[in-house]
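Student: I need the structure of the sequence given here:
(4 chains)
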2 protein chains.
Amino acid sequence: MAEDRRIRKTRRALRDALVGLVLERGFTALSVEDITQRADVARATFYSHFRDKDELFARVTRDLLDELDERLRPAVTESAVGFTGKPVLEMLRHARQERDLYRIVLRGEGDGKPLRMFTEACARVAAEEFRGRSERNDVKPRIDADLLARVWVGEQVSVLQWWVEHEAPPMPAEEVVRMLLDLALRGRYWATGFDRPA
Amino acid sequence: MAEDRRIRKTRRALRDALVGLVLERGFTALSVEDITQRADVARATFYSHFRDKDELFARVTRDLLDELDERLRPAVTESAVGFTGKPVLEMLRHARQERDLYRIVLRGEGDGKPLRMFTEACARVAAEEFRGRSERNDVKPRIDADLLARVWVGEQVSVLQWWVEHEAPPMPAEEVVRMLLDLALRGRYWATGFDRPA
DNA sequence: TGCGTTACCGAACAATGTGTCTGGAAACAT
DNA sequence: ATGTTTCCAGACACATTGTTCGGTAACGCA
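Tutor: Have a look, this model is predicted:
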């Protein structure tokens, strides 16, 4: 009773139409009619599912984050011991799979609201990961965990944007992770080839 | 001839109205009339200055970036030798001064377009800085300079967002820079208190 | 298979916002 | 003081929004 094929079909069509059109023209430039037209759905039907464009976008983003969270959970617990980069790798795979949606979210379409949802979700995961590691190993970090999480997520988002905006993947996901990890763990002196001063 | 008091006044009023209103309600939710009303300017006058909301926002952002660029120039040449963090510090000061505008830009208002302008401007500066240092010191980086710049800017933006969204500054600018620098240069093992494995 | 339910359609609606264009009043630089 | 430029107030056609309606078609289930 909770599952009507018609509902799934319309929602899916609207979702796909949104993603495609935002990618082409940008979120603000779209009218509800543009979306329903591409989705081949009556405009009135749109409003029986969503209050407006923003709610549709928010819903699509929310679904994506739920999916990501589910994929991240095992990776996070698995990497609880050291810095394995497993969660990042899993995220990259997810991004490759849902590339178009990742692109529009990471671009900040929708006044950056979906992007904020994304970064905050990631920051939560990262902060939790850090805190867990600290407790288990009984070391106290020299830097506030929330700030550290923000920095880490900032790096990830930045690289994700770069990775996902290339038509052909500029390098395999595994390599991106390795680089990101090297950079984060060993620091910039290593990355730039400098020797670290005393 | 290029200076008419009336023009400056209306432009300034529209600018301030935009920033204030975006901060309160978000960019998309605003109508041109909302803006002109708060600015106490006729709607027709708005269109004699800007094509639409977006052009106004883009112009405001552009001005901000020009200002930032001017402030950054001496800091960049000064820090050409090592990683001093001078440019970041200068940016934080600028952000404190233009806090509201920084907030809405960093939030990704306007479908993230102003934010993209901002990050790209910063990335240009950073990449130039890196390249200059590599040449001067004749070392070849282990990681592509552009990608490295992206990551570095990603961290900055992320921290900036965090810093600028707190009502009271959570920590002085100098301390933020020190942390960011420590983190970037010494790496995460240092930051979290772990010893680095072999 | 048939039946009751539910989602979809297409059209209409008022309300709001957009972008452009007037003529006249006011402020400007010189 | 004067000629120029900007601002204002109002009107305009047009697009978009969000809601409502009765009729039609697809649905889940017995």
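Student: Flag every residue of chain A that's near DNA strand C.
Tutor: Residues of chain A lying close to DNA strand C by C-beta under 7 Å from any atom of the strand are A:4, A:6-7, A:9-10, A:40-45, A:48-49. For every residue, glycine as well, the C-beta is placed using N, CA and C.
Student: Try it again at 6 Å.
Tutor: Proximity of chain A to DNA strand C (C-beta under 6 Å from any atom of the strand) is limited to residues A:Asp4, A:Arg6, A:Ile7, A:Thr10, A:Val41, A:Ala42, A:Ala44, A:Thr45, A:Ser48.
Student: Go through the helix or strand the fourth one falls within and flag the buried ones.
Tutor: The reference is to A:Thr10. Using DSSP states H and E, A:Thr10 sits in helix A:5-25. For helix A:5-25, burial by neighbour count (16 or more other C-beta atoms under 10 Å in any protein chain shown) applies to A:Thr10, A:Arg11, A:Ala13, A:Leu14, A:Arg15, A:Asp16, A:Ala17, A:Leu18, A:Val19, A:Leu21, A:Val22, A:Leu23.
Student: Show me which residues of the helix or strand A:Arg73 falls within are buried.
Tutor: Counting by DSSP H and E, the element that carries A:Arg73 is helix A:53-78. Neighbour counts over helix A:53-78 (16+ other C-beta under 10 Å) mark A:53-54, A:56-61, A:64-65, A:68, A:72, A:75-76 as buried.
Student: so what does it touch, helix or strand wise?
Tutor: Where contact means 3 or more C-beta pairs under 8 Å, 6 or more residues apart in numbering or on different chains; DSSP states H and E, helix A:53-78 is packed against helix A:5-25, helix A:32-39, helix A:86-97, helix A:99-107, helix A:113-137.
Student: for the record, mean pLDDT for the fourth one?
Tutor: The average pLDDT within helix A:99-107 is 98.
Student: quick one: it to chain centroid distance?
Tutor: Computed by C-alpha atoms, centre = their mean, to the nearest Å, the chain-centroid distance of helix A:99-107 equals 8 Å.
Student: can you list contacts of it?
Tutor: The contact list for helix A:99-107, computed with C-beta atoms under 8 Å, 6 or more residues apart in numbering or on different chains, reads A:19-20, A:22-23, A:27, A:60-61, A:64, A:94-95, A:114-115, A:118, A:157, A:160-161, A:164-165, B:111-112, B:116.
Student: Alpha carbons of that helix, as PDB, please.
Tutor: Listed next in PDB are the C-alpha coordinates belonging to helix A:99-107 (Å, rounded to 0.1, in the frame of the first residue of the first chain):
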ATOM      1  CA  ARG A  99      28.500  11.700 -10.700                       C
ATOM      2  CA  ASP A 100      26.000  14.300 -12.000                       C
ATOM      3  CA  LEU A 101      24.300  14.700  -8.700                       C
ATOM      4  CA  TYR A 102      27.600  15.100  -6.900                       C
ATOM      5  CA  ARG A 103      28.600  17.700  -9.400                       C
ATOM      6  CA  ILE A 104      25.600  20.000  -8.900                       C
ATOM      7  CA  VAL A 105      25.700  19.600  -5.100                       C
ATOM      8  CA  LEU A 106      29.400  20.400  -4.900                       C
ATOM      9  CA  ARG A 107      28.900  23.400  -7.200                       C
END
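Student: Just the buried positions in that helix, please.
Tutor: Neighbour-count burial for helix A:99-107 flags A:Leu101, A:Tyr102, A:Arg103, A:Ile104, A:Val105, A:Leu106, A:Arg107 (criterion: 16+ other C-beta under 10 Å).
Student: Which two among those residues are spaced furthest apart?
Tutor: Greatest spacing in those, by C-beta to C-beta: A:Leu101 and A:Arg107 (10.8 Å).
Student: Got the domain ranges for chain A?
Tutor: For chain A, automatic domain parsing gives the domain ranges A:1-50, A:57-189.
Student: export the ones you listed to TSV and tack on distance to DNA strand D?
Tutor: Shown next, in TSV, are those (distance: least, C-beta to the nearest atom of the strand, whole Å):
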stretch	distance to DNA strand D
domain A:1-50	3
domain A:57-189	12
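Student: Out of these, which gets the lowest mean score?
Tutor: If the domains of chain A are sorted by mean pLDDT, domain A:57-189 sits at the bottom with a mean of 90.
Student: isn't A:Gly110 right up against B:Asp111?
Tutor: Yes - A:Gly110 is within contact range of B:Asp111, at 6.9 Å (criterion: C-beta atoms under 8 Å).
Student: what about these two, which has more around it?
Tutor: Comparing A:Gly110 with B:Asp111 by other C-beta atoms under 10 Å in any protein chain shown, the one with more neighbours is A:Gly110, at 28 against 23.
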